[in-house]
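>>> Model the structure of this input:
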Amino acid sequence: MSLSIDEAGAVLELRRYTLHPGRREALIALFEREFVHTQQACGIRLPGQFRDLDRPDQFVWLRGFEDLADRPRALGDFYGGPAWHAFRDEANATMLDSDDVLLLRPLPGPTGGRAAPAGPQGLIVAGVCALATPDDPALLAAFEAEVLPLLADQGASLLGRWLGDPARLLNNFPRLPVRADGPVFVWLSQHPAGLQDEARLRAALAGARSLLLSRLRPTAGSALQL
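Got it, this is the predicted structure:
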């Protein structure tokens, strides 16, 4: 099933799992064999699954929903269904932590279109900025004025941007924890020749309380590819 970031839905989870050493490939194989089509059958959208290139024991994936109201129904159907019951122990045995989850809503604004064809160094960058205030207009303006031109200079493409604020976007499926340390601004961008000029990017977003940049490569079963 092909799915673009634009079709990920009105609510997106950015999920980062820390795994037992050496277990990432086992989880990816299980996830893509048993948990992709079965979540999609519940109306859940799966735009992408990724290996973190700098953290060999982390698996990153995106899960979207039509809207917040549909999230409890969709998750209840999946986690109450036969696939999760059959394979949850095998999946959980690979994980040290599965609670690093950001609940996000999309920000309006144009994306960057298609990136140039990816070379061997091509990757996806996920940026997570901890904000000083829920909407932090200064930082969002800096992203527009400085980061977007920098991405364009690199031949990169902005795939999407989101805001997360636990005070405004409540976790309505409490069985699965989400982070409560928001607010955050998140973006995804596609880089055909790798992440370049990281220092300038960090300088442009120096107003953030913190900035995590993750270099990601899609798995074979990810809808989003380079």
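>>> Pro21 should be in a strand, yeah?
No: using DSSP: H, G, I helix; E, B strand; the rest coil, the secondary structure at Pro21 is coil, not a strand.
>>> so what's it up against?
Asp57 (C-beta atoms under 8 Å, 6 or more residues apart in numbering). Backbone N, C-alpha and C define where each C-beta goes, glycine included.
>>> Kindly report the same for the one 10 residues further on.
For Phe31, the residues meeting the contact criterion (C-beta under 8 Å, 6+ apart) are Gln49, Phe59, Trp61, Ala91, Gly221.
>>> Return the set of buried residues in the helix ranked longest in the chain.
Assignment by DSSP state H gives helix 82-92 as the longest helix of the chain. Neighbour-count burial for helix 82-92 flags Ala83, Trp84, Phe87, Ala91 (criterion: 16 or more other C-beta atoms under 10 Å).
>>> mind putting those residues in CSV, pLDDT and distance to Val184 included?
Compiled in CSV, those are given as follows (pLDDT from 0 to 100; distance: C-beta to C-beta, whole Å):
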residue, pLDDT, distance to Val184
Ala83, 99, 30
Trp84, 99, 28
Phe87, 99, 31
Ala91, 99, 26
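>>> in the chain, which spans are strands?
Here the chain has its strands, by DSSP state E, at 11-19, 45-52, 58-65, 95-106, 123-130, 157-164, 184-191, 210-218.
>>> what residues does the last one touch?
The reference is to strand 210-218. Applying C-beta under 8 Å, 6+ apart, the external contacts of strand 210-218 come out as 48-55, 60, 123-130, 194-195, 198, 201-202, 205, 224-226.
>>> avg pLDDT for that strand?
Regarding strand 210-218, the rounded mean pLDDT is 98.
>>> That strand to strand 45-52, inter-axis angle?
Interaxial angle, strand 210-218 versus strand 45-52 (axes from the mean of the first three to the mean of the last three C-alpha atoms, to 10 degrees): 100 degrees.
>>> Buried residues of strand 210-218, list them for me.
Leu211, Ser214, Arg215, Leu216, Pro218.
>>> Strand partners (parallel or antiparallel) of it?
Here strand 210-218 has these sheet partners by DSSP bridges: strand 45-52 (antiparallel), strand 123-130 (antiparallel).
>>> Now do the contacts for Ala167.
Shown in contact with Ala167 (C-beta under 8 Å, 6+ apart): Pro134, Gly182, Pro183.
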